[in-house]
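Engineer: pasting a predicted model and its sequence here:
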There are 2 protein chains.
Amino acid sequence: MKVVSTVAEAYALVDHWRRGSMRIGLVPTMGALHEGHYSLVRRSVSECDLTVATIFVNPTQFGPHEDFGKYPRTLDEDLEGLKSAGAALVFTPSQSALYPEGFSTFIEPPSIAAILEGVHRPGHFRGVATIVTKLFQILPANVAYFGLKDYQQLVVIRRVVEDLNLPILIQPCETVRERDGLAMSSRNRYLSELERLAALSLHRALNVAEKMVTRGCCVVAEIEQAMEKELYASGANHIDYARLVDAETLATMTSLTQPCVALIAAFVGSTRLIDNRLMPY
Amino acid sequence: MKVVSTVAEAYALVDHWRRGSMRIGLVPTMGALHEGHYSLVRRSVSECDLTVATIFVNPTQFGPHEDFGKYPRTLDEDLEGLKSAGAALVFTPSQSALYPEGFSTFIEPPSIAAILEGVHRPGHFRGVATIVTKLFQILPANVAYFGLKDYQQLVVIRRVVEDLNLPILIQPCETVRERDGLAMSSRNRYLSELERLAALSLHRALNVAEKMVTRGCCVVAEIEQAMEKELYASGANHIDYARLVDAETLATMTSLTQPCVALIAAFVGSTRLIDNRLMPY
């Protein structure tokens, strides 16, 4: 496994492979890797000739009061894990390599970025869209793998790719969970033992929503209220949103007449967690 | 010469050529072609294995009160000219092919886009940066040719390419002029016979600036005033700007201590014209 940190080296390698008609898979990450990330890498390894992972804690997708400074950085461990998972190349650029002096071009993300996470993390998707577009240029892969845990991110990235004609396929992958149902996240490391229990509240609230839908309830407001109730009852201390929206457009619905997804963002202690589930339809 | 209008066909062709190790040159245009455009195509033909031109009057770079509707469209003539100049492929997409329903991702151009043209044509460079980025994805060329007549556009595009790591080389090319010095422009077609004479005012004002610099004047304000005076004297009826700025950063200067460029945007009748000249240094 090669590890490179300059844009020029990274591009030269991937461009060379691609000209050799290799199918290249890309797994962009912010490091602090867990089984969720490794499952993306393994999927890419199984579907592509060569898999490229990136490790870059992207400053432009963090708000001024968010956890950029304390975001976990575990490079040595990450590199070992990526090697075991079968990655051929890891790109580990510095901040100044990707955001040199005078950098000032951004991707203005599609309108779907303005709701939900966009309300609570203004600027987040602008940063995500920008870094993803840059990485797709530096590492011209055929397909990029993203976890469904960041559901709205996936929808945003898919739209950016479509709108800007980026020649890459976006492959969504199932969320990987702990045994008890907690969605894997680099931010789970922030949780104390007690908070770890309360973190299950998101999974429980999604169970509640799914049960209601299965039993035939189709009033969105009722289901959203039930999710909120369960979140607080199970230990969340603040809810950014607990919504049931159109699975494709993330548009507000009043009754369940099309495929929809339940999306939750909530705080457990000072840790912000997100999770989601496609509802049976 | 092939002419294609779908994104899929265009990408497939250029990607195929590129994989065959062909060097691809790209000349993006809005049609209404003149010798300025054809000189770009001929330069590309002389430097590359295959040259791709695009003809697309890009709506997102026009302001609501600008000339999108009446912008000259001369497709048949353009195609003949491109064939003579040696283009291998012309991409002539429809508006809906490039801006389908729901399109909402834009390139937020670099800070250098906010001054000069950016002041007088708000949103213009956002549209330019967006369409150029899209075309660079659809037609993955090695090098793209742009005329120096749109000086600030070139500086903006260069910065977009650098900031977003777009894997393409931007090649500036000399402005092509009529015998009397008028910079060629698709908008020259709007000029009446009298206005055609007055349109020379830009060239004359640039002559004045160059003479002053050659004679040792290095007070920017004096030179700018002299350009304005000449513009009005020679028939311009409104000046958007007549400035002497840093040739690389377009930053304001008070005295001529580094390479600089004179930039003019002025109206002759209801036609807005631009021109520029690098000053001797």
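Structural biologist: All right, it came through fine. These figures come from a predicted structure and were not determined experimentally.
Engineer: buried ones in the one helix or strand A:Leu194 maps to, by neighbour count?
Structural biologist: Under the assignment given by DSSP states H and E, the secondary-structure element containing A:Leu194 is helix A:193-198. Neighbour-count burial for helix A:193-198, counted by 16 or more other CB atoms under 10 Å in any protein chain shown, picks out A:Glu195, A:Arg196, A:Ala198. For the C-beta atoms, the positions are set from N, CA and C on the backbone; glycine is no exception.
Engineer: before we move on, what about stretch A:90-110?
Structural biologist: Across stretch A:90-110, burial judged by 16+ other CB under 10 Å covers A:90-93, A:97-99, A:103, A:105-110.
Engineer: one step back: now the helix holding A:Leu194: mean pLDDT?
Structural biologist: Here the mean pLDDT over helix A:193-198 is 98, rounded to a whole number.
Engineer: how far is that helix from where the chain is centred?
Structural biologist: What separates the centre of helix A:193-198 from the centre of its chain is 22 Å, taken as CA atoms, centre = their mean, to the nearest Å.
Engineer: can you name the element that comes right after it?
Structural biologist: Per DSSP H and E, helix A:193-198 leads on to helix A:201-214 as the next helix or strand towards the C-terminus.
Engineer: show me the contact partners of that following helix.
Structural biologist: A:177, A:180-183, A:222-223, A:226-228, A:230-236, A:242, A:244, A:256, A:262, A:264, A:266, A:268, A:273-277, A:279-280 (CB atoms under 8 Å, 6 or more residues apart in numbering or on different chains).
Engineer: now do stretch A:77-86
Structural biologist: The contact list for stretch A:77-86, computed with CB under 8 Å, 6+ apart, reads A:1, A:3, A:29, A:31-33, A:37-38, A:41-42, A:45, A:51, A:53, A:55, A:90.
Engineer: try 6 Å
Structural biologist: Stretch A:77-86 is contacted by residues A:Met1, A:Gly31, A:Leu33, A:Tyr38, A:Val41, A:Arg42, A:Val45, A:Ala53, A:Ile55, A:Val90 when judged by CB atoms under 6 Å, 6 or more residues apart in numbering or on different chains.
Engineer: mind listing what's buried in that stretch?
Structural biologist: Of the residues in stretch A:77-86, A:Asp78, A:Leu79, A:Gly81, A:Leu82, A:Ala85 count as buried by neighbour count, 16+ other CB under 10 Å.
Engineer: still on that earlier bit, which of the buried residues of stretch A:90-110 come close to chain B?
Structural biologist: When those are checked against chain B using CB under 6 Å from any CB of the partner chain, the ones in range are A:Phe103, A:Thr105, A:Phe106, A:Glu108, A:Pro110.
Engineer: bridging residues for the fourth one?
Structural biologist: The residues listed as beta-bridge partners of A:Glu108 by DSSP bridges are B:Phe106.
Engineer: my guess is it contacts B:Pro109. True?
Structural biologist: No: with contact defined as CB atoms under 6 Å, A:Glu108 does not reach B:Pro109; the gap is 9.7 Å.
Engineer: C-alpha coordinates for the helix holding A:Leu194, PDB please?
Structural biologist: Below are the C-alpha coordinates for helix A:193-198, written out as PDB (Å, rounded to 0.1, in the frame of the first residue of the first chain):
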ATOM      1  CA  GLU A 193     -20.000   5.100  29.400                       C
ATOM      2  CA  LEU A 194     -23.400   6.500  30.400                       C
ATOM      3  CA  GLU A 195     -23.700   8.500  27.200                       C
ATOM      4  CA  ARG A 196     -22.900   5.400  25.200                       C
ATOM      5  CA  LEU A 197     -26.200   4.000  26.600                       C
ATOM      6  CA  ALA A 198     -28.100   7.200  25.900                       C
END
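Engineer: count of neighbours near the nearest residue to A:Glu47 once chain neighbours are set aside?
Structural biologist: Spatial nearest neighbour of A:Glu47, chain neighbours left out: A:Gly25 (6.3 Å); criterion: CB to CB, 6 or more residues apart in numbering or on different chains. Burial measure for A:Gly25: 27 neighbouring residues, criterion other CB atoms under 10 Å in any protein chain shown.
Engineer: give me the three-state assignment for A:Asp240.
Structural biologist: Recorded secondary structure, A:Asp240: strand (DSSP: H, G, I helix; E, B strand; the rest coil).
Engineer: now the strands for the stretch 101-250 of chain A?
Structural biologist: Listed in chain order, the strands of the stretch 101-250 of chain A (DSSP state E, counting those that start in this stretch) span A:106-108, A:143-147, A:169-173, A:238-246.
Engineer: who's in contact with the longest one?
Structural biologist: Contact with strand A:238-246 is made by A:116, A:120, A:220, A:223-224, A:227-228, A:231, A:253, A:258, A:260, A:262-267, as judged by CB under 6 Å, 6+ apart.
Engineer: of these, buried ones?
Structural biologist: Those of these that meet the buried threshold are A:116, A:220, A:223-224, A:227-228, A:231, A:253, A:260, A:262-267, by 16+ other CB under 10 Å.
Engineer: and of those, the nearest to B:Asn165?
Structural biologist: A:Leu116 (28.8 Å; CB to CB).
Engineer: what sits against the closest one?
Structural biologist: Each residue near A:Leu116 by CB under 6 Å, 6+ apart is listed here: A:Gln152, A:Tyr241.
Engineer: next one: the one 5 residues further on
Structural biologist: For A:Arg121, the contacting residues are A:Gly63, by CB under 6 Å, 6+ apart.
Engineer: tell me the spacing between it and chain B.
Structural biologist: According to CB to the nearest CB, to the nearest Å, A:Arg121 stands 18 Å off from chain B.
Engineer: how about that residue, phi and psi?
Structural biologist: Note on A:Arg121: backbone dihedrals following degrees, to the nearest 10 are phi -130, psi 70.
Engineer: chain neighbours aside, what residue packs nearest to the residue most central in space within chain A?
Structural biologist: Among the residues of chain A, A:Asp150 comes closest to the average C-alpha position under CA atoms, centre = their mean, at 3.5 Å. Beyond its immediate neighbours in the sequence, the residue positioned closest to A:Asp150 (CB to CB, 6+ apart) is A:Ile274, lying 7.2 Å away.
Engineer: same question for A:Glu228.
Structural biologist: Counting by CB to CB, 6+ apart, A:Glu228 lies nearest to A:Ala242, which is 5.1 Å off, once chain neighbours are set aside.
Engineer: spell out the residue ranges of the helices in chain A.
Structural biologist: When assigned using DSSP state H, the helices of chain A occupy the ranges A:7-19, A:35-47, A:75-85, A:95-98, A:117-120, A:124-138, A:151-163, A:193-198, A:201-214, A:220-233.
Engineer: looking at the ones you listed, which is buried most?
Structural biologist: Mean neighbour count (mean count of other CB atoms under 10 Å in any protein chain shown) peaks for helix A:124-138 among these, with a mean of 24.
Engineer: and the contacts of it?
Structural biologist: Identification of contacts with helix A:124-138 by CB under 6 Å, 6+ apart yields A:7, A:10-11, A:28, A:54, A:58, A:60-61, A:106-107, A:109, A:113, A:117-118, A:153, A:156-157, A:160, A:166, A:168, B:164-167.
Engineer: how does chain A divide into domains?
Structural biologist: Taking automatic domain parsing as the domain assignment, the ranges for chain A are A:2-173, A:186-276.
Engineer: in CSV: those, plus distance to B:Ala129.
Structural biologist: Output for these, formatted as CSV (distance: least, CB to CB, whole Å):
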stretch, distance to B:Ala129
domain A:2-173, 7
domain A:186-276, 26
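Engineer: what residues does chain A have near chain B?
Structural biologist: Of all the residues in chain A, those in contact range of chain B (CB under 6 Å from any CB) are A:19, A:103-106, A:108, A:110-111, A:133-134, A:137-138, A:160, A:163-167.
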